[in-house]
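A.B. asks: structure of the sequence below:
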Amino acid sequence: MSRKIDLDKINLTKLQRYNENTLRKCVIIPLLEDLDADNIIDLHGPNEEGIDVYFDTLDIFGHRRRFGIQLKTKDLVSTSRPDKDKNIQTICHQIKSAFSRKIKLPTSEHGKIGVHIDGYYIF
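C.D. replies: Residues are numbered from 1 along each chain as shown. The predicted model follows:
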């Protein structure tokens, strides 16, 4: 398989300057495409409910697994008082939202179906 993205040539300094929109559209979605992920959906926006990017893929046994990705370009810092840390509270809320909602996927048989995610990544 020929890779579109040369992981050895990624400039981390440049990557760290990307905002979430650029990171999502120019890095994460192309990377998922390069890794042959299926049903990649950009969900970022006011109704994302904790998932910026959705994708699914087959596991090693051929079972379909569904994932959500939440992107953050700011440092996530935990303090000794997690109840006062807005970054961590936000991420925890987004994780709960992501696992509690159904993602609407178009299908040729049923129009749209709702599915729950199996896993969640924070980049």
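A.B. asks: using the three-state scheme, assign Cys55.
C.D. replies: Quick fix: residue 55 reads Phe, not Cys. At Phe55 the chain is in strand, as set by DSSP: H, G, I helix; E, B strand; the rest coil.
A.B. asks: for burial, what's the neighbour tally of it?
C.D. replies: For Phe55, the count of nearby residues is 21 (other C-beta atoms under 10 Å). (Each C-beta comes from the backbone N, C-alpha and C, glycine too.)
A.B. asks: swap in Leu32?
C.D. replies: For Leu32, the neighbour count with other C-beta under 10 Å is 19.
A.B. asks: for Ile29, what are its contacts?
C.D. replies: Residues in contact with Ile29 (C-beta atoms under 8 Å, 6 or more residues apart in numbering) are Ile40, Asp42, Val53.
A.B. asks: where's the dip in pLDDT among those?
C.D. replies: Across the contacts of Ile29, no position has a lower pLDDT than Asp42, which has 91.
A.B. asks: quick one, helices of the protein?
C.D. replies: Listed in chain order, the helices found in the chain under DSSP state H are 12-16, 20-23, 29-34, 86-100.
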